[in-house]
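> Structure, please.
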Amino acid sequence: MASSRRTFLGYTAATTAAALFGPGVGAWAESFRDAPQAGWYGKPMRWAQIGFAEDDPGNYDPQFWLDYFKRLHIEAVTLNAGGAVAFYPTQVPFHYRSKWLGNMDTFGDLQKSCRALGMVVVARTDAHACHQDVYDAHPDWIMVDANGNKVRHPSDKDFWLTCALGPYNFEFMTAIHEEIMTKYMVDGIFTNRWAGSGMCYCEHCQKNFRDFSGMDLPRTHNPQDPARRQYIIWRQQRLFELWRLWNSKIQHINPNASYIANAGGGALSELDMKTVGELAPTLFADRQGRAGLMPPWANGKNGKEYRATMGRKAIVGIFSMGLEDKYRWKDSVQSDDEIRLWVADGIAHDLRPWFTKFDCKVIDSRWMPVVEDIYKWHATNATYLRNEHSLARVGLVYSQQTATYYGGDDARAKVEDPSLGFYQALVEARIPFEMVHDHLLDPDHISQFRTLILPNIAALSTAQCGQLEDYVERGGSLVATYETSLYNEWGVRQQNFGLASIFGVNYAGKVEGPMLNSYLSLNKDTSGQYHPLLKDLENAGRIINGVNQVAVTPIGDGAFPLQVVPTYPDLPMEEVFPRKDAPLGQPGVIVRHVGKGRVVYLPGDIDRTFWETLNFDQARLLRNAVLWATDEPAPLTVAGKGVLDVSVWTQKNSMTAHLVNLTNPMMMKGPIREIIPITAQQVKLQIPAGRRVKQVQLLVAGTKIHYTNEEGVLHLEVPSIALHEVVAVDFV
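Numbers count the residues shown, from 1 in each chain. Have a look, this model is predicted:
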């Protein structure tokens, strides 16, 4: 079992150490992000997908789409080929052909025309559903629920859901992929819903899991249940085995092609992103739009999460023009500005745009000129969008193992919400930052960053804690919250924090919460001054605390600028006052110098509480913690009114700063009705050492702009921003 665990974790402690930072502030180290990408995968900048509906053969106009592709300067397309429905004359038994296909080759004809226009062509397959004839011939291929019932498709009752981990995928879909590659020699195969539709209890899953673990399939989601833990490991191992199988079969036929899974994402993603990053030559972030309370910066977050393990491999952001909602209105059209904002934030964070259209017959065409405008601008400015390095010096860590083994069914609230809270605070503070995967804490992957943020990264191994300690000793800084490192990598609570020595506290044996009416009082230091952590809070006296709090006992040196005011009654009104005889509260924050670095530890769940309340004092506290920890001039600073999502990049002969205007009453509840421009923004950009400035221009406004250069820092004013502006600096 040990080898299986290592396979899942994908984690090996570094055996050698290198200096974290080069000479001087702003020296960005060479790393895995700098590796060039082989093959076609890094070349296409603009993608399109039209998903054939079953009745499209003979009933849609291919020339209409080819003309549209040409106007948009499309360089790669993904076209539905087979799986649930075949759109080519398949010879694989039980591979269901479209009833409208007849003697046509809808997929083959369109891919041939796209190739004639110089496009990369990727075939899309769908592995999650099959028809009745498959059920009748191979009932063992069908998904079975916990009650022993075979599962029909929830949306279309003519289909049955298939088991992802048995012969349907390993044999039947393998044959389909081999046939497609043999007939068409496409550049890759991309599979939707290949990892299953939930836990399957079919005969193959029961036998294979018992052979792997000696146990029956679990009937609980509790990650501390031995069978559940083994199931998590086995399922990942099985899916990666399938990925490698499909890739090997494809490359045996066409060495220049690959299997590209629809996989990946952040802490809540079920497949280990470190392994995904190693296997995938490119990835497509299938986050097509926002719904509910999702902020527009979530699309940029997709790019950062993928890039944390993909490095410089191209990442493509799939977006749709329809309303992304649980009711699945797939033929709907989103507002123009909602589409523009979602795509702009993705572009700002290095996602290459890919629009997807369900059904090739256009019912509502209002989206088409919007996407055309976006793509034409993208093509015009492609040189400035082919990024090589992010210059961000702050990294926000995310942890799939924390979500899986500590969070379990509550992972969204316990793990994702703290991350979202810190993400929002960084956006509001206009701090450029990247995401960091907790299985990639070696110097090659984190030497770029001056500060790492650990938003309740509760589950950390001894080796991971050692890497973080080494990072701090050599000059890196940490900002951590709540139960970070209080659990081992399997989600088992430890007697003390794994990072106790650098936090400067011991675990005092309990976690309080939810707490009502608790506060953090501001403390002056021995000189009568407030710590920089309390900037812009000096007149408050106290601010709200988090809802949950780890009890800690300070050890060693450190400052305590905040002290917990324990909870006291909030009703009746006459009793709302702190009790003088209440025990003195513990430190609300510990700030320390450790080695050559700085450490801020917040025992409360300030980040999670901020995401729930969006309290402005907590936003300031989180901002100040990062600024104090980082303690160096930022590569990009932007001052002015409004909410901006910012990023800063270098290209071969230029650098760019993206400013995405999120200032809108619909920021947290889509869709955007209209874009609300913001006024002038004062921008400062650090020029990388050894580069000389030729000119500065605004790519959206389409104008050159006046600037001053003061010792390698450009100062300029962007007069106004509607949705998105890009400051482009050309080098000599």
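> So for Ile678, what's the pLDDT?
Ile678 carries a pLDDT value of 97.
> next one: the one 4 residues further on
For Gln682, the model assigns a pLDDT of 98.
> Provide the partner residues of it in its beta bridges.
Judged by DSSP bridges, the bridge partners of Gln682 are Ala639, Glu717.
> what about it, neighbour count?
Applying other Cβ atoms under 10 Å, we find 12 residues neighbouring Gln682. For the C-beta atoms, the positions are set from N, CA and C on the backbone; glycine is no exception.
> One more: Thr708?
8.
> Can you verify it is assigned to a helix?
No. Using DSSP: H, G, I helix; E, B strand; the rest coil, the secondary structure at Thr708 is strand, not a helix.
> so how far is Val134 from it?
The gap separating Thr708 from Val134 is 69 Å, by Cβ to Cβ, to the nearest Å.
> swap in Gly498?
Taking Cβ to Cβ, one finds Gly498 at 50 Å from Val134.
> ok, these two, which is more surrounded?
A direct count of neighbours by other Cβ under 10 Å for Gly498 and Val134 places Gly498 higher, at 25 against 21.
> The more buried one: helix or strand, and which one exactly?
For Gly498, there is no enclosing helix or strand under DSSP states H and E.
> Which residues are in contact with Asp525?
His531, Ala559, Pro561 (Cβ atoms under 8 Å, 6 or more residues apart in numbering).
> cutoff 10 Å now
By Cβ atoms under 10 Å, 6 or more residues apart in numbering, the residues touching Asp525 are His531, Ala559, Phe560, Pro561.
> Which ones among the residues you listed lie within helices?
Using DSSP state H, no member of these falls in helices.
> now these as JSON lines including neighbour count?
Putting the contacts of Asp525 into JSON lines (neighbours: other Cβ atoms under 10 Å) gives the following:
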{"residue": "His531", "neighbour count": "18"}
{"residue": "Ala559", "neighbour count": "17"}
{"residue": "Phe560", "neighbour count": "17"}
{"residue": "Pro561", "neighbour count": "25"}
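> Now do the contacts for Phe497.
Phe497 touches 458, 460, 465, 480, 483-487, 503, 505-507, 550, 552, 601, counting by Cβ under 10 Å, 6+ apart.
> ugh, wrong one, I meant Met273
Applying Cβ under 10 Å, 6+ apart to Met273 gives the contacts 10, 263-267, 280, 283, 305-306, 308-310, 398, 400, 435, 437-440.
> pLDDT weak spots in this protein?
1-37, 582 (pLDDT under 70).
> Go through it and flag its longest helix.
Longest helix in the chain, counting by DSSP H: helix 226-253.
> now the strands for the stretch 1-150 of the chain?
47-51, 76-83, 120-126, 129-130 (DSSP state E, counting those that start in this stretch).
> What is the second one packed up against?
Contact partners of strand 76-83 among helices and strands, from 3 or more Cβ pairs under 10 Å, 6 or more residues apart in numbering; DSSP states H and E: strand 47-51, helix 62-71, helix 106-116, strand 120-126, helix 174-184, strand 188-192, strand 315-320, strand 352-358.
> swap in the first one?
The elements that strand 47-51 packs onto, with contact taken as 3+ Cβ pairs under 10 Å, 6+ apart, are helix 62-71, strand 76-83, strand 120-126, strand 315-320, strand 352-358, helix 367-380.
> now these as JSON lines including mean neighbour count and distance to Gly475?
What follows is the helices and strands packed on strand 47-51, written out as JSON lines (neighbours: other Cβ atoms under 10 Å; distance: least, Cβ to Cβ, whole Å):
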{"stretch": "helix 62-71", "mean neighbour count": "15", "distance to Gly475": "50"}
{"stretch": "strand 76-83", "mean neighbour count": "27", "distance to Gly475": "42"}
{"stretch": "strand 120-126", "mean neighbour count": "23", "distance to Gly475": "43"}
{"stretch": "strand 315-320", "mean neighbour count": "24", "distance to Gly475": "30"}
{"stretch": "strand 352-358", "mean neighbour count": "22", "distance to Gly475": "34"}
{"stretch": "helix 367-380", "mean neighbour count": "17", "distance to Gly475": "38"}
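> Make JSON lines from those and add distance to His445 to it.
Below are the helices and strands packed on strand 47-51 laid out as JSON lines (distance: least, Cβ to Cβ, whole Å):
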{"stretch": "helix 62-71", "distance to His445": "37"}
{"stretch": "strand 76-83", "distance to His445": "28"}
{"stretch": "strand 120-126", "distance to His445": "29"}
{"stretch": "strand 315-320", "distance to His445": "16"}
{"stretch": "strand 352-358", "distance to His445": "22"}
{"stretch": "helix 367-380", "distance to His445": "29"}
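> wait, which of the ones you listed is closest to Tyr41?
Among the helices and strands packed on strand 47-51, the nearest to Tyr41 by Cβ to Cβ is strand 120-126 (8.7 Å).
> returning to that earlier point: turn the contacts of Asp525 into TSV, including distance to Asn653.
Output for the contacts of Asp525, formatted as TSV (distance: Cβ to Cβ, whole Å):
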residue	distance to Asn653
His531	43
Ala559	46
Phe560	49
Pro561	45
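> Of those residues, which is the nearest to Asp158?
Nearest member of the contacts of Asp525 to Asp158, counting by Cβ to Cβ, is Pro561, at 63.8 Å.
> My read is that that closest one contacts Lys524, right?
Yes. Counting by Cβ atoms under 10 Å, Pro561 does reach Lys524; the two are 8.5 Å apart.
> what residues are shared contacts of these two?
In contact with both Pro561 and Lys524: Tyr530, His531, Leu534, using Cβ under 10 Å, 6+ apart.
> follow-up on the earlier one: among the helices and strands packed on strand 47-51, which is nearest Glu179?
strand 76-83 (7.9 Å).
> what's the angle between the closest one and strand 120-126?
30 degrees (axes from the mean of the first three to the mean of the last three Cα atoms, to 10 degrees).
> tell me how far strand 76-83 is from the chain's mean position?
Taking Cα atoms, centre = their mean, to the nearest Å, one finds the center of strand 76-83 at 25 Å from the center of the full chain.
> List the strands paired with it, with their directions.
strand 47-51 (parallel), strand 120-126 (parallel).
> quick one: the closest residue to Asn256 other than its chain neighbours and Ala76, what's the gap?
Closest residue in space to Asn256, ignoring its immediate chain neighbours: Gly39 at 6.5 Å, by Cβ to Cβ, 6 or more residues apart in numbering. Gly39 is 13 Å from Ala76, where distance means Cβ to Cβ.
> Same check on Gly407?
36 Å.
> do Lys414 as well
In terms of Cβ to Cβ, Lys414 sits 39 Å off from Ala76.
> again, but for Ile250
17 Å.
> Check Leu723 too.
For Leu723, the distance to Ala76 - Cβ to Cβ - is 25 Å.
> Please enumerate the helices of the stretch 601-732 of the chain.
606-613, 616-630 (DSSP state H, counting those that start in this stretch).
> ok, now the stretch 251-400 of the chain?
273-279, 298-310, 336-348, 367-380, 400-401.
> Can you lay out those as JSON lines showing distance to Asp470?
Converted to JSON lines, the helices of the stretch 251-400 of the chain look like this (distance: least, Cβ to Cβ, whole Å):
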{"stretch": "helix 273-279", "distance to Asp470": "19"}
{"stretch": "helix 298-310", "distance to Asp470": "19"}
{"stretch": "helix 336-348", "distance to Asp470": "33"}
{"stretch": "helix 367-380", "distance to Asp470": "41"}
{"stretch": "helix 400-401", "distance to Asp470": "20"}
